[in-house]
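Student: Provide a 3D model corresponding to the input given below.
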Amino acid sequence: MANYIFGKVKRKQKMFRIIETETQVYDIANLVLNGIDYNPATLIEDEELYKLTNFSESDYCLDFLTNELNTVEHDQISKEDLKKLSFICTVQDSLYFFQIINSTFFISKKWFSIDELTLETEKPIITINSFADAIYDKQQDILYFKKLTSAQKIFKGMDQLYKEATEAESETFLENDFLEVSQDFVVAQISIPNRKRIALVNETLNRLSDEEKLAIYNYTNQYGQVVYENGKFKIESDDDLKFVLWGIEQRFYTTQVGGEKRVANSIISI
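Tutor: Next up is the predicted model:
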């Protein structure tokens, strides 16, 4: 069965045909795609993948994935455009392997082949990683990826899955009734990780009733990291804010054996 490599050229909307080959680029026979539903609060191990189900229904899915693949409809890429690739896509069966292309993947040094001992000087090559930046299973309609920062370079808009709170949103959050913020602590001092947590926590708080919010505040206070008086947490530093945000995300827990108080660095819903 033929396999195809397509390419996206910078500042051009359509995908170009690059290569048709009988050789498998990726070893799909031994490929195991088991993903964890994407959640910015979940950290994955090196061998694990995030996944987005029903990907074709998302706003950032490419027409290239939703349309029927017809290689004749794609123009053959020019040699000049090969130097302007932003990413390539290898299609094998119903799997689409995406790889971002940047200057590190272009090799234009002098080289010689082990099979043919001739020195080459004017034949730059593009290297292909052993594992793709993103894999789309068209049959299952699932996108797999390891890093959102890489995937969003291919699928524009995916960065909204993990957005930072704006300055205005951060300012509004600090004005909440359950916080007493020191005059010496201003929005500009909020770290990027805490801005991301604020974006998540705002969604959490919007889903909670007043009784549930009070229970969350009391739960956070039980772990005693931030002063809590008269229904308000005293925020004097970015660390104080971090502990309160962790509490709202319910990341604190006590071990059943030993009673050690801990904070979860990563969360997976089960």
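Student: so where is the protein shaky, pLDDT-wise?
Tutor: Across the chain, the ranges flagged by pLDDT under 70 are 105.
Student: Now do the domain split for it, please.
Tutor: 3-160, 167-263 (automatic domain parsing).
Student: Tabulate the ones you listed (a markdown table), appending mean neighbour count and distance to Ser269.
Tutor: Every residue, glycine included, has its C-beta placed from N, CA and C. Shown next, in a markdown table, are these (neighbours: other CB atoms under 10 Å; distance: least, CB to CB, whole Å):
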| stretch | mean neighbour count | distance to Ser269 |
| --- | --- | --- |
| domain 3-160 | 15 | 7 |
| domain 167-263 | 15 | 11 |
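Student: Present those domains as a markdown table; the columns should include distance to Ile270.
Tutor: Converted to a markdown table, these look like this (distance: least, CB to CB, whole Å):
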| stretch | distance to Ile270 |
| --- | --- |
| domain 3-160 | 11 |
| domain 167-263 | 14 |
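Student: Could you pull out the helices in the stretch 151-270 of the chain for me?
Tutor: With DSSP state H, counting those that start in this stretch, the ranges of helices along the stretch 151-270 of the chain come out as 167-174, 192-207, 210-222, 238-248.
Student: So Leu43 sits against Ile268, correct?
Tutor: No - contact status for Leu43 versus Ile268: not in contact, 9.2 Å apart, counting by CB atoms under 8 Å.
Student: got the contact list for the residue nearest in space to the middle of the chain?
Tutor: Nearest to the mean C-alpha position of the chain, counting by CA atoms, centre = their mean, stands Leu148 at 1.4 Å. By CB atoms under 8 Å, 6 or more residues apart in numbering, the residues touching Leu148 are 38, 40, 50, 158-159, 161-162.
Student: go on, Thr42?
Tutor: Here Thr42 is in contact with 36, 50, 266-268 (criterion: CB under 8 Å, 6+ apart).
Student: Kindly report the same for Asp238.
Tutor: 185, 189-191, 194.
Student: just to revisit the earlier point, can you name the two of the contacts of Thr42 that sit furthest apart?
Tutor: Maximum pairwise distance in the contacts of Thr42, criterion CB to CB, is 13.6 Å, between Tyr50 and Ile267.
Student: ok, back up a step: and the contacts of Leu148, which of them are in strands?
Tutor: Mapping the contacts of Leu148 onto strands (DSSP state E) picks out Tyr50.
Student: Closest to Thr255 out of the contacts of Leu148?
Tutor: So of those, ranked by how close each gets to Thr255 (CB to CB), first place is Pro40, at 25.3 Å.
Student: thinking again about what came up before, which two among the contacts of Leu148 are spaced furthest apart?
Tutor: Tyr50 and Asp159 (13.8 Å).
Student: Leaving aside the residues adjacent along the chain, what's closest to Leu43?
Tutor: Nearest residue to Leu43, sequence neighbours excluded (CB to CB, 6 or more residues apart in numbering): Ser266, at 3.8 Å.
Student: Can you classify Ser150 as helix, strand or coil?
Tutor: helix (DSSP: H, G, I helix; E, B strand; the rest coil).
Student: re earlier: could the contacts of Asp238 be laid out in TSV, adding distance to Ile235?
Tutor: Listed next are these as TSV, based on distance: CB to CB, whole Å:
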residue	distance to Ile235
Phe185	6
Gln189	10
Ile190	10
Ser191	13
Asn194	11
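Student: List just the nearest of those residues to Thr23.
Tutor: Ser191 (47.6 Å).
Student: Not counting residues beside it along the chain, what's closest to the closest one?
Tutor: Here the residue nearest Ser191, using CB to CB, 6+ apart, is Asp238, at 5.2 Å.
Student: Wait, Gly157 touches Ala151, no?
Tutor: No - with contact defined as CB under 8 Å, Gly157 does not reach Ala151; the gap is 10.7 Å.
Student: Give the bridge partners for Thr21, please.
Tutor: On the basis of DSSP bridges, Thr21 is bridged to Asn3.
Student: Select, out of the helices of the stretch 151-270 of the chain, the one closest to Leu31.
Tutor: helix 192-207 (31.5 Å).
Student: what's that closest one packed up against?
Tutor: Judged by 3 or more CB pairs under 8 Å, 6 or more residues apart in numbering; DSSP states H and E, helix 192-207 is in contact with helix 167-174, helix 238-248.
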